[in-house]
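1. sequence and predicted structure, then a few things I'm wondering about:
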Amino acid sequence: EKQRSSTEAPTALHPPAFGVTVLGSSHGFDPKGKTTGFIVWINHRGLLVDPPMGTTDLMAQNGIAPKLIDGIVLTHCHADHDSGTMQKILEEGRCTLVTTATILHSFLRKAAALTGIKESYLAGLFDYTPAVIGEAVRLIGGEVHFRYSLHSIPTIGFECYLGGKSFVYTSDTFNHPPTINKLHTDGLMGVGRRDDFLDIRALLNVGV
């Protein structure tokens with residue numbers, strides 16, 4: 001098979017009706033790897049989830065046209081998850097950002113502190129779509145259910161459904177049933193939240 005030269009343009013990606021393209025699978029302490037981020041394809045359109053730094057270049061290297069992307073999902077405001085989001089917003093000029101109101105406000109405060117740009121100006125660079133916890137949100141014709149993760153700062157994960165297929169992403173989360181049950185027993189977590197954290201294991205086919 002003929003190999004493509006370094007100067008040859010990559011083959012254009014034709015997105016699936018439902019699927020995932022991984023852009024990075026590492027963490028913020030790895031100097032050689034890209035932080036975890038990916039594209040969820042729904043009806044042949046894409047949602048960037050916690051895009052890594054340099055996502056525009058990563059997309060170009062994989063033949064992914066920017067016009068295929070309809071929005072960005074931000075799960076939380078640790079640097080290995082939100083730094084690429086700010087870069088993408090500044091590059092695109094206008095995009096849609098999907099997250100909760102709490103995470104959005106944290107993101108804007110952090111971005112303003114780092115850049116010296118007013119929060120009001122930064123908020124005007126994108127359109128905001130609320131990630132409503134516990135309700136189905138329609139995105140690109142798919143059904144997305146957002147849920148909280150158990151992390152050191154406000155964090156969300158989600159389940160995505162289309163045509164009988166599904167995809168689950170917890171983002172960063174604490175996943176130890178005995179401790180989760182103890183948090184409930186000690187009165188630090190309600191029964192609904194406890195059950196939600198335990199139920200995610202069933203979605204992932206992980207034994208409780």
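-> Yep, it's here.
2. where does this protein have its least confident helix or strand?
-> When each helix and strand of the chain is scored by mean pLDDT, DSSP states H and E, helix 191-203 comes last, with a mean of 80.
3. please save the CA atoms from that helix in PDB.
-> C-alpha atoms of helix 191-203 as PDB (Å, rounded to 0.1, in the frame of the first residue of the first chain):
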ATOM      1  CA  VAL A 191     -30.100   9.100  48.100                       C
ATOM      2  CA  GLY A 192     -30.800  10.400  44.600                       C
ATOM      3  CA  ARG A 193     -27.200  11.600  44.000                       C
ATOM      4  CA  ARG A 194     -25.800   8.400  45.500                       C
ATOM      5  CA  ASP A 195     -28.000   6.200  43.300                       C
ATOM      6  CA  ASP A 196     -27.000   8.300  40.200                       C
ATOM      7  CA  PHE A 197     -23.300   7.800  40.900                       C
ATOM      8  CA  LEU A 198     -23.800   4.000  41.400                       C
ATOM      9  CA  ASP A 199     -26.100   3.600  38.400                       C
ATOM     10  CA  ILE A 200     -23.400   4.900  36.000                       C
ATOM     11  CA  ARG A 201     -21.600   1.700  36.700                       C
ATOM     12  CA  ALA A 202     -24.500  -0.300  35.200                       C
ATOM     13  CA  LEU A 203     -24.400   1.900  32.100                       C
END
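4. list the contacts of it.
-> Helix 191-203 is touched from outside by 147-148, 150, 157, 159, 168, 170, 173, 175, 177, 180-181, 183-184, 207-208, with contacts defined as CB atoms under 8 Å, 6 or more residues apart in numbering. (C-beta placed from N, C-alpha, C; glycine too.)
5. among those residues, name the ones in strands.
-> Arg147, Tyr148, Gly157, Glu159, Val168 (DSSP state E).
6. and the closest residue to the fourth one other than its chain neighbours, bridged to which residues?
-> By the measure of CB to CB, 6 or more residues apart in numbering, the closest residue to Glu159 outside its immediate chain neighbours is His145, 4.6 Å from it. With DSSP bridges as the criterion, the beta-bridge partners of His145 are Ala136, Glu159.
7. now do the contacts for His145.
-> Residues near His145 by CB under 8 Å, 6+ apart: Gly134, Glu135, Ala136, Val137, Phe158, Glu159, Cys160, Tyr161.
8. what mean pLDDT does the host helix or strand of Leu58 have?
-> Using DSSP states H and E, Leu58 sits in helix 55-61. In this model, helix 55-61 carries a mean pLDDT of 92.
9. may I have the helix or strand just after that helix as PDB, with CA atoms only?
-> The helix or strand immediately downstream of helix 55-61 is strand 69-73, counting by DSSP H and E. Below are the C-alpha coordinates for strand 69-73, written out as PDB (Å, rounded to 0.1, in the frame of the first residue of the first chain):
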ATOM      1  CA  ILE A  69     -18.300  20.900  14.100                       C
ATOM      2  CA  ASP A  70     -21.500  22.300  15.600                       C
ATOM      3  CA  GLY A  71     -20.400  23.000  19.200                       C
ATOM      4  CA  ILE A  72     -18.100  22.400  22.200                       C
ATOM      5  CA  VAL A  73     -19.000  20.500  25.400                       C
END
